[in-house]
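Enquirer: Got a predicted structure plus its sequence, pasted below:
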Amino acid sequence: MSPPIQVNNHPFRFLLYLEWGLLGLSALMVTIPSPSPRFSVQFPELTICSLAIFGLMGLRLPTNSKFSQVIYTATEVALILIIGFFGGKTTRLFPFLYLILVTRSCLIFPLTGRLTVTFLSFILFFITLNHRAPSFRLSPLAQERFRFFSFSLTILFGLSLVFILLLMNAVLSERQSRERLAIANEKLRQYALKIENQATLEERNRIAREIHDSLGHSLTALNLQLETALKLAKSDIPRALTFLATAKELGSKALQDVRHSVSKMRSHPLQGKSLEQAIAILAEDFYRSNNIFINCQISLNLPLSIDIINPIYRIIQESLTNISKYAQASEVKLELTTTTEALKLIVADNGRGFDLQQNTTGFGLQSMRDRTLSLGGEFTINSAYGSGCEIIVDIPLSR
């Protein structure tokens, strides 16, 4: 339910100032004595009171229910008729009151209601104009002049109503468009913040898993070696020295893992390189660390945006990391091809595989799946015990 339109939330506050100026001018004309009794105000108190009520009604426009809007508009029409029939010379300014009525209706009614109020204002103007016709008999020339004046005034007033209606509709449409744009921008900002937080969380999870899988394992083994060496230090010094040597090797490996992780976090692998070059460096590092050659088949026929290149590189990197840690493979095949409609990536190994019903919720696989879905793609895993693992990524390029 939308709140009523008041001074503090009025969309066009200058309209209020214009209304107060016109109503103040009308009230001033009521108080000025007329030199002719024919143009004197019949009930000045009633006219001033009606003008005051009409002005105060502009301080609060109903927008919550159709019934209150209709009652509000009917009250305004009644006040305008009272001012028009009993206002004397003030009736010369009564067309301004109808213009105020139309502008207010544009703020509280939809298009159908606005058209209805505009048409009603024109009819009431015509009725009031006929009521102001002179009661005494005029000459034929004077009658012709009066009819021409009335017709011209009616046409001019009708065009004024149409102009006000079109102007208010255009201004309100522009304001609504700006409000929708502001809402869309706010949603986009919140979505970008959410994506940023999600990316930060994923990076934290990746670092945590990297520490747990590499450094944590090395430090646990190192602790066991040192505990055994302490137990054998008094009874069997040669064996204790053997365990200490092993502990030193584990410590060196843990330090190497830390340096490698920090290097990966600080460097940008694609900076100044194409995707093919970055994959070649990644495959060379993988071979150097695991002594496993990667059979790369890359065919990129279309230029790819950085929004696609970065996620694809990270998916390949995470796939090779999982193969290095868990697969126990001797062969790895990597295919990356593009067509006019899609990009397809396949990373397959001949390792031990795993059960898809139990091992597809790990951070590495979930990260690859999320990166694929963020690009509107499809992520597929084919694996079984003893049959290796195949990861397939399909990214549509048409969007």
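Expert: Looks like it arrived, so ask away.
Enquirer: so what's Leu356 closest to, chain neighbours aside?
Expert: With Cβ to Cβ, 6 or more residues apart in numbering as the criterion, Leu356 has its nearest non-adjacent residue at 5.8 Å, and that residue is Ser383. C-beta here means a position set from N, CA and C on the backbone, and glycine is covered the same way.
Enquirer: Could I get the contacting residues of that neighbour?
Expert: For Ser383, the contact set (Cβ atoms under 8 Å, 6 or more residues apart in numbering) comprises Gly353, Phe354, Asp355, Leu356, Cys389, Glu390.
Enquirer: and it, what are its bridge partners?
Expert: Beta-bridge pairing for Ser383 (DSSP bridges): Cys389.
Enquirer: Give me the distance between it and Thr372.
Expert: Note on Ser383: its distance to Thr372, by Cβ to Cβ, to the nearest Å, is 17 Å.
Enquirer: sorry, back to before: are any of the contacts of Ser383 buried, and if so which?
Expert: Taking 16 or more other Cβ atoms under 10 Å as the criterion, what is buried in these is Gly353, Phe354, Cys389.
Enquirer: so where is the stretch 201-350 of the chain shaky, pLDDT-wise?
Expert: 206, 209-214, 216-217, 261-269 (pLDDT under 70).
Enquirer: Quick one: the strands in it, in order.
Expert: 294-299, 332-338, 342-349 (DSSP state E, counting those that start in this stretch).
Enquirer: Include mean neighbour count and distance to Pro95 when you put those strands into JSON lines, please.
Expert: Shown next, in JSON lines, are the strands of the stretch 201-350 of the chain (neighbours: other Cβ atoms under 10 Å; distance: least, Cβ to Cβ, whole Å):
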{"stretch": "strand 294-299", "mean neighbour count": "14", "distance to Pro95": "76"}
{"stretch": "strand 332-338", "mean neighbour count": "19", "distance to Pro95": "69"}
{"stretch": "strand 342-349", "mean neighbour count": "20", "distance to Pro95": "66"}
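Enquirer: how about a markdown table for those, with distance to Ser68 added?
Expert: Formatted as a markdown table, the strands of the stretch 201-350 of the chain follow (distance: least, Cβ to Cβ, whole Å):
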| stretch | distance to Ser68 |
| --- | --- |
| strand 294-299 | 69 |
| strand 332-338 | 62 |
| strand 342-349 | 57 |
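Enquirer: Excluding its own residues, what touches stretch 156-171? List them.
Expert: 12, 95, 98-99, 102-103, 106-107, 111, 114-115, 118, 121-122, 125.
Enquirer: Among those, name the buried ones.
Expert: Applying a neighbour-count criterion of 16+ other Cβ under 10 Å, the buried members of those are 12, 95, 98-99, 102-103, 106-107, 114, 118, 121-122, 125.
Enquirer: from those residues, which ones fall inside helices?
Expert: Secondary structure from DSSP state H places Pro95, Tyr98, Leu99, Val102, Thr103, Cys106, Leu107, Arg114, Thr118, Ser121, Phe122, Phe125 of these in helices.
Enquirer: returning to that earlier point: nearest to Ile207 among the contacts of stretch 156-171?
Expert: Nearest to Ile207 out of these is Phe12 (Cβ to Cβ; 54.4 Å).
Enquirer: Next, give phi and psi for the closest one.
Expert: Main-chain torsions, Phe12, degrees, to the nearest 10: phi -130, psi 90.
Enquirer: for it, what are its contacts?
Expert: Val171.
Enquirer: what pLDDT does it get?
Expert: Predicted confidence (pLDDT) for Phe12: 76.
Enquirer: how far away is it from Met168?
Expert: As defined by Cβ to Cβ, Phe12 lies at a distance of 9 Å from Met168.
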